[in-house]
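Novice: coordinates only, no sequence provided:
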């Protein structure tokens, strides 16, 4: 019987024991020696040594350039032109108002400060919904957020110059935070404030209004950090609702609605932002009647909003897909219609889930605001690049100083937001674990 | 209350097909109304845009057709891969720009893959210094705008380089100055085509050998050294032919003549800055993708592979990398597309890419805004769509088959 089986399947069974093979070369012999001694020990050691040498070589030079040899205060560029000097921080100090406000008239800087502080408090309230527990969290929200914004934008020098105005603005910021805290407005109402009321307030205050007695300030004069923040904020304010609609459209059962959403999203995501900005700048004025030609600053804003909407839609679609079918069915079983089901059951869960993704889009958007310079808007980076070639400050280290300052600003902003997004991710996954 | 009762009766009506409810609550009627409204609004907007555009364009004397395509451009481009001069047409300028975009995209994609994988693996290194440096690299590069990095490379690093007379020599006939990177020009002698052909033949033979080895492994379980033999065929064979033909390759060394170099190949500083910026920036994102991909393969997989007796190399090659690649490839493709789209930032530093040449100079000279922007967008769209098409095919082949 067994003999027969063997003859039928000779490949599966063998009569005699296999000869012992030599040990794999990776466990004994020269190859193993190289692997254990040189690769994990030596190579790693050499790499460490090389990188440490590199650091020892580079860090003191950088430290000398940015701190020891740096020019901290000077009336013009002559001190920075001396051979051997490092970074020219005096240049930043002298130009800081240009970096912050562009050519916005200095007597109206308070408008920008007010807009920014209110925006910061509202945004902090929206982004920080569950963290204000205890005295420390409360204090951070009531005082920390306005203070941070205050140090970042008007700066201590502005407070020295106009203490009455600036302190009033600061008090308004703290007061608004206290009001939000005391009335315990629901997140929905604060969202409404931020997404609907705040933009109107921003435009009225920054652009001016004759009826309110505020002088009109042309958008040609706007520039600097506040324009960068404005472009990014408008991008988010428009793209969040538009993204929700597009995401719902893409998952809709209505074929035309779905087709429109898919074509819009894929088209915008397939082209670079620069071409969208070019399109907004050169084609938009052709598509509307002459008297409706959009403002020079409004055109790139529309471009950025359109661009961000497509990316936001895909992010939100991811959130919608992560909601289990039972939630939809449960809502339907309760007799909710499509609108109520989405508004009360699905979207609140989906949007919370994609908060980290939305923050990441905001980071990308904030970095992308630098591109609006191509259509002539003076964003922060453009102001730095313009100040850099000022003949009064020409010098060998001016470019490096300017770019280092810009890099520091963007880094602090983007890195901070990415940490926030990571924190939210951890918190959300903790909530979903049990 | 009313509405809810309406909802219930609607489902009843559907179940028994009794059209007793008001059409206001009929989902089919609603769907029709919604879509008709969307179509009407869209149609109105498009109609308005077309009417306004044709009126505005006529009023401003802007061309509405593509006749500019065959007209003489009258401007020069400082980097051309095809024959082009100021007497060439606008159409040719488009191809020059497109090829320059594709050139920086192709080189950038290859380089950024290497840098990105190296940094991504370094972030997982048990070596503290290596891992921390890689983290530092990723955080700095990811959190500053690409445009800032491009301007930095161009204005703060490459522009302050010495002029051609004081060029920095890197040896082997390579020079660096503020006009760019000057390299020796390779000159192929007679018999060079034989080397080319042997390379083609070597690749073909390697493919054949791979197929044979696979069949052999399936039949007998014996593993042939495919990698080694392929290397010998692809590199060794052309090398042998190269020496057999008497080394048909010479270099034209650039020489400083007057204020500039004569001979050699000049790589524009704009190209170098753009490539550096794109490669380093994209590599930071790729590093994160690679890291996530490798971490996504659970430790049990490695342990199981060791338990089966696979070596370290085999475990990596047969178990870890194939599974990590499934996670890595889709976002990696997105990063490649981002790199190509971001190459449009060339316009800020003056590298003659598609946007700079076509959507910049040609648009300004012809004024044909609608046509030029439409063509530019279409090019990027085609690149994106073609890539995602191949991506989907790849995904379908590699996706986990759940049984």
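Specialist: Received, thanks. Values in this document were obtained by computation on a predicted structure and should not be read as measured data. Numbering: from 1, shown residues only, chains lettered A, B, ... in the order given.

Novice: got the phi/psi numbers for residue A:222?
Specialist: The phi/psi pair for residue A:222 (degrees, to the nearest 10) reads phi -70, psi 150.

Novice: equivalent analysis for residue A:269, please.
Specialist: Per degrees, to the nearest 10, the backbone of residue A:269 is at phi -70, psi -20.

Novice: quick one: the residue lying closest to it once chain neighbours are set aside from chain B, how far?
Specialist: Nearest residue to residue A:269 in three dimensions, chain neighbours excluded: residue A:310, at 5.1 Å (Cβ to Cβ, 6 or more residues apart in numbering or on different chains). Using the backbone N, CA and C atoms, a C-beta is placed for each residue, glycine as well. Using Cβ to the nearest Cβ, to the nearest Å, residue A:310 is found at 12 Å from chain B.

Novice: what about residue A:310, how many residues close to it?
Specialist: Counted with other Cβ atoms under 10 Å in any protein chain shown, residues neighbouring residue A:310 total 22.

Novice: residue B:81 and residue B:100 touch, don't they?
Specialist: Yes. Residue B:81 lies in contact with residue B:100 (Cβ atoms under 8 Å); the separation is 6.8 Å.

Novice: and these two? which has more neighbours close in?
Specialist: Neighbour totals were compared for residue B:81 and residue B:100, and residue B:100 leads with 25 against 12 (other Cβ under 10 Å).

Novice: that one contacts residue B:353, correct?
Specialist: Yes. If you go by Cβ under 8 Å, residue B:100 and residue B:353 touch, sitting 5.0 Å apart.

Novice: quick one: residue A:84 is in a strand?
Specialist: No. Residue A:84: not assigned to a strand; according to DSSP: H, G, I helix; E, B strand; the rest coil it is coil.

Novice: name the nearest residue to it, ignoring sequence neighbours.
Specialist: Sequence neighbours aside, residue A:69 is the residue nearest to residue A:84 in space, at 6.7 Å (criterion: Cβ to Cβ, 6+ apart).

Novice: what's the burial count for that neighbour?
Specialist: What residue A:69 shows, counting by other Cβ under 10 Å, is a neighbour count of 15.

Novice: per-residue pLDDT of residue 230, please?
Specialist: As the question left the chain open, I've gone with chain A. For residue A:230, the pLDDT comes out at 90.

Novice: nope, chain B
Specialist: Residue B:230 is assigned a pLDDT of 86 by the prediction.

Novice: host element of residue B:202?
Specialist: In this structure, residue B:202 sits in helix B:192-220 according to DSSP states H and E.

Novice: and the next element down the chain from that helix?
Specialist: The helix or strand immediately downstream of helix B:192-220 is helix B:226-231, counting by DSSP H and E.

Novice: can you tell me the closest non-neighbouring residue to the spatially most central residue of chain B?
Specialist: Taking Cα atoms, centre = their mean, the centroid of chain B lies closest to residue B:336, which sits 3.8 Å from it. In space, residue B:336 comes closest to residue B:109 once its chain neighbours are excluded; the distance is 5.1 Å by Cβ to Cβ, 6+ apart.

Novice: which SSE is immediately downstream of the strand or helix carrying that neighbour?
Specialist: Using DSSP H and E, residue B:109 sits in helix B:90-123. Note on helix B:90-123: by DSSP H and E, the next helix or strand toward the C-terminus is helix B:128-142.

Novice: ok, then the element right after that following helix?
Specialist: Counting by DSSP H and E, the next helix or strand C-terminal to helix B:128-142 is helix B:146-151.

Novice: close to chain A, is that next one?
Specialist: Yes. Remark: helix B:146-151 sits within contact range of chain A at B:146, B:147, B:148, B:151, by Cβ under 8 Å from any Cβ of the partner chain.

Novice: give me the low-pLDDT residue ranges for the stretch 101-250 of chain B?
Specialist: Along the stretch 101-250 of chain B, no part satisfies pLDDT under 70.

Novice: got the residues of it near chain A?
Specialist: Counting by Cβ under 8 Å from any Cβ, the stretch 101-250 of chain B sits next to chain A at B:125-130, B:133, B:139-140, B:142-148, B:151-152, B:155-156, B:159-160.

Novice: so does the host helix or strand of residue A:423 get close to chain B?
Specialist: Per DSSP H and E: residue A:423 is located in helix A:398-433. Yes. Using Cβ under 8 Å from any Cβ, helix A:398-433 reaches chain B at A:399, A:400, A:403, A:406, A:407, A:410, A:411, A:414, A:415, A:418.

Novice: tell me what angle that helix forms with helix B:128-142.
Specialist: Using axes from the mean of the first three to the mean of the last three Cα atoms, to 10 degrees, one finds that helix A:398-433 and helix B:128-142 are set 100 degrees apart in direction.

Novice: where do the strands sit along chain B?
Specialist: B:168-171, B:174-177, B:180-183, B:185-188, B:249-252, B:255-257, B:260-262, B:265-267 (DSSP state E).

Novice: can you put the ones you listed in TSV and add mean neighbour count and distance to residue A:219?
Specialist: As requested, these are exported to TSV (neighbours: other Cβ atoms under 10 Å in any protein chain shown; distance: least, Cβ to Cβ, whole Å):
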stretch	mean neighbour count	distance to residue A:219
strand B:168-171	10	46
strand B:174-177	20	42
strand B:180-183	22	39
strand B:185-188	12	51
strand B:249-252	13	55
strand B:255-257	12	50
strand B:260-262	15	45
strand B:265-267	16	41
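
Novice: let me have the ones you listed in JSON lines, extended by distance to residue A:20.
Specialist: Formatted as JSON lines, these follow (distance: least, Cβ to Cβ, whole Å):
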{"stretch": "strand B:168-171", "distance to residue A:20": "55"}
{"stretch": "strand B:174-177", "distance to residue A:20": "56"}
{"stretch": "strand B:180-183", "distance to residue A:20": "57"}
{"stretch": "strand B:185-188", "distance to residue A:20": "55"}
{"stretch": "strand B:249-252", "distance to residue A:20": "52"}
{"stretch": "strand B:255-257", "distance to residue A:20": "67"}
{"stretch": "strand B:260-262", "distance to residue A:20": "67"}
{"stretch": "strand B:265-267", "distance to residue A:20": "59"}
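
Novice: for residue A:324, find the nearest of the ones you listed.
Specialist: Ranking the strands of chain B by proximity to residue A:324 (Cβ to Cβ) places strand B:265-267 first, at 55.1 Å.

Novice: hmm, who's touching the one helix or strand residue A:52 maps to?
Specialist: Secondary structure from DSSP H and E places residue A:52 in helix A:44-63. Residues from elsewhere that reach helix A:44-63 (Cβ atoms under 8 Å, 6 or more residues apart in numbering or on different chains): B:125, B:126, B:127, B:128, B:129, B:130, B:133.

Novice: 10 Å instead?
Specialist: Residues from elsewhere that reach helix A:44-63 (Cβ atoms under 10 Å, 6 or more residues apart in numbering or on different chains): A:38, A:68-69, A:86-87, A:404, B:122, B:125-130, B:132-133.

Novice: residue A:283 against residue B:359, yeah?
Specialist: No. With contact defined as Cβ atoms under 10 Å, residue A:283 and residue B:359 do not form a contacting pair (11.4 Å).
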